[in-house]
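Q: pasted the sequence and its predicted model underneath.
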Amino acid sequence: MREFENTQTTIDILRHGEPTGGIRFRGITDDPLSEVGWQQMLECCDNRNWQAVISSPLQRCQAVALHLSATRNIPLYVDAAWQEIDFGRWEGLTAEAIEHRYPKALEAYYRDFMNASPPEGETYKQFSTRVNIAWYQLTAAYFGQSVLLITHAGVIRALFSLLMGISPENSFRIEVPHTSLTRFRCFGSPGKQTVLLDFHNR
């Protein structure tokens with residue numbers, strides 16, 4: 001419809017800062033931010049304004065979302081659909097520990113993650129489906145607004161696959177460091193939007 005053609009919805013997507021606990025398989029493992037991680041996120045959000053904040057429920061995202069909502073008096077919506085993929089029994093383990101407990105399983109996962117999944121974990125199809133649904137719900141609910149989504153690297157790569165037509169395999173070639181900021185701008189009516197990538201890794 002013509003009245004929607006020039007309406008812009010701006011979604012800024014921020015990966016959380018550095019968590020405590022070091023490098024390991026941290027999907028739904030709920031480690032808090034380190035002091036460095038807090039500082040990273042506050043610096044990234046300084047001098048930026050949004051009309052709402054949407055966040056993963058995991059505290060490495062939600063803690064700063066709560067802070068922004070309280071200090072800037074903007075609404076916050078916490079949605080489990082935006083949390084990281086669930087690595088099942090691999091949660092909280094290093095790659096070395098996984099290899100020790102589940103020989104060759106990690107190799108198989110890296111080779112074909114679309115069809116392999118960690119024991120009792122979430123499949124990539126399940127993960128990408130919930131992210132896709134969440135995206136369409138978000139852009140409809142916040143149509144015409146400028147909002148911040150605080151989430152995880154896996155989610156951001158899944159959105160690149162959805163919005164940019166990049167295969168899931170190739171999405172892992174996209175660097176998404178801590179506090180990476182990505183902006184998508186959407187034009188058109190909800191459900192029939194043209195999506196443009198404005199920037200990545202700001």
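A: That came through fine.
Q: low-confidence ranges in this protein?
A: 1-5 (pLDDT under 70).
Q: would you map the helices across it?
A: 35-45, 59-72, 95-101, 105-111, 124-141, 153-164, 168-171 (DSSP state H).
Q: using JSON lines, lay out these together with distance to G88 and mean neighbour count.
A: C-betas here are computed from N, CA, C, even on glycine. Formatted as JSON lines, the helices of the chain follow (distance: least, Cβ to Cβ, whole Å; neighbours: other Cβ atoms under 10 Å):
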{"stretch": "helix 35-45", "distance to G88": "25", "mean neighbour count": "17"}
{"stretch": "helix 59-72", "distance to G88": "19", "mean neighbour count": "19"}
{"stretch": "helix 95-101", "distance to G88": "11", "mean neighbour count": "13"}
{"stretch": "helix 105-111", "distance to G88": "11", "mean neighbour count": "14"}
{"stretch": "helix 124-141", "distance to G88": "12", "mean neighbour count": "17"}
{"stretch": "helix 153-164", "distance to G88": "14", "mean neighbour count": "20"}
{"stretch": "helix 168-171", "distance to G88": "19", "mean neighbour count": "15"}
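Q: dump these to JSON lines, plus distance to P118.
A: Listed next are the helices of the chain as JSON lines, based on distance: least, Cβ to Cβ, whole Å:
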{"stretch": "helix 35-45", "distance to P118": "25"}
{"stretch": "helix 59-72", "distance to P118": "20"}
{"stretch": "helix 95-101", "distance to P118": "8"}
{"stretch": "helix 105-111", "distance to P118": "7"}
{"stretch": "helix 124-141", "distance to P118": "11"}
{"stretch": "helix 153-164", "distance to P118": "13"}
{"stretch": "helix 168-171", "distance to P118": "16"}
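Q: out of those helices, flag the one nearest L181.
A: helix 35-45 (6.0 Å; Cβ to Cβ).
Q: okay, now V195: neighbour count?
A: By other Cβ atoms under 10 Å, the residues close to V195 number 17.
Q: beta partners for it?
A: Counting by DSSP bridges, V195 is bridged to C186.
Q: one step back: and the helices of the chain: which comes nearest K192?
A: Evaluated over the helices of the chain, closeness to K192 peaks at helix 124-141, with 10.6 Å, by Cβ to Cβ.
Q: so which of the helices of the chain is nearest T194?
A: helix 153-164 (10.3 Å).
Q: check which helices and strands that closest one sits against.
A: strand 8-15, helix 124-141, helix 168-171, strand 181-187, strand 194-199 (3 or more Cβ pairs under 8 Å, 6 or more residues apart in numbering; DSSP states H and E).
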